[in-house]
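Enquirer: would you be able to build a 3D model of this:
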Amino acid sequence: QLQLVESGGGLVQPGGSLRLSCAASGFTLDNYVIGWFRQAPGKEREGVSCISSRGSYRNYADSVKGRFTMSRDNAKNTVYLQMNSLKPEDTAVYYCAATRDSSSVCSTRWNYNSWGRGTQVTVSS
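Expert: Below is the predicted model of the structure:
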């Protein structure tokens, strides 16, 4: 059974950093595009970033460019989201998701069919 588990969320002050992890079990990430999404209370889910199956291509939402960095370690079957210079508007539940695709690009607009349960990120002083 395909399973994704997020971790690393928490409470951080504005300007701080967090690193989220997305660990996969039941399948290997090698041929999967992984995306990070977030949903704040009362708002629609937003695509944050994605990474191609081999890690050579990344795509970021304008709101996080220059602050967030996505990476993957296929040997550990884990994907990461390094979040720096966090702002209160980054507060949300963050989800990782996977879609089987071995192309060299990615988009958070694609159909992702495996989702984790999310991890809460709260940016507040």
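
Enquirer: only C-alpha atoms from now on, for both contacts and neighbour counts.
Expert: OK.

Enquirer: what sits against the residue positioned nearest the centre of the chain?
Expert: In the chain, the centroid-proximal residue (Cα atoms, centre = their mean) is W36; its distance is 2.5 Å. Contact partners of W36, counting by Cα atoms under 8 Å, 6 or more residues apart in numbering, are G47, V48, S49, C50, L81, Y94, Y95, C96, A97, T108.

Enquirer: for the nearest residue to S21 once chain neighbours are set aside, helix, strand, or coil?
Expert: In space, and not counting its chain neighbours, S21 is closest to Y80: 4.6 Å by Cα to Cα, 6 or more residues apart in numbering. When classified by DSSP: H, G, I helix; E, B strand; the rest coil, Y80 comes out as strand.

Enquirer: what of R72?
Expert: strand.

Enquirer: correct me, but it touches G55?
Expert: Yes - using Cα atoms under 8 Å, R72 is in contact with G55, at 6.4 Å.

Enquirer: next, count neighbours for L4.
Expert: Applying other Cα atoms under 10 Å, we find 22 residues neighbouring L4.

Enquirer: helix or strand: which one has it?
Expert: strand 3-7 (DSSP states H and E).
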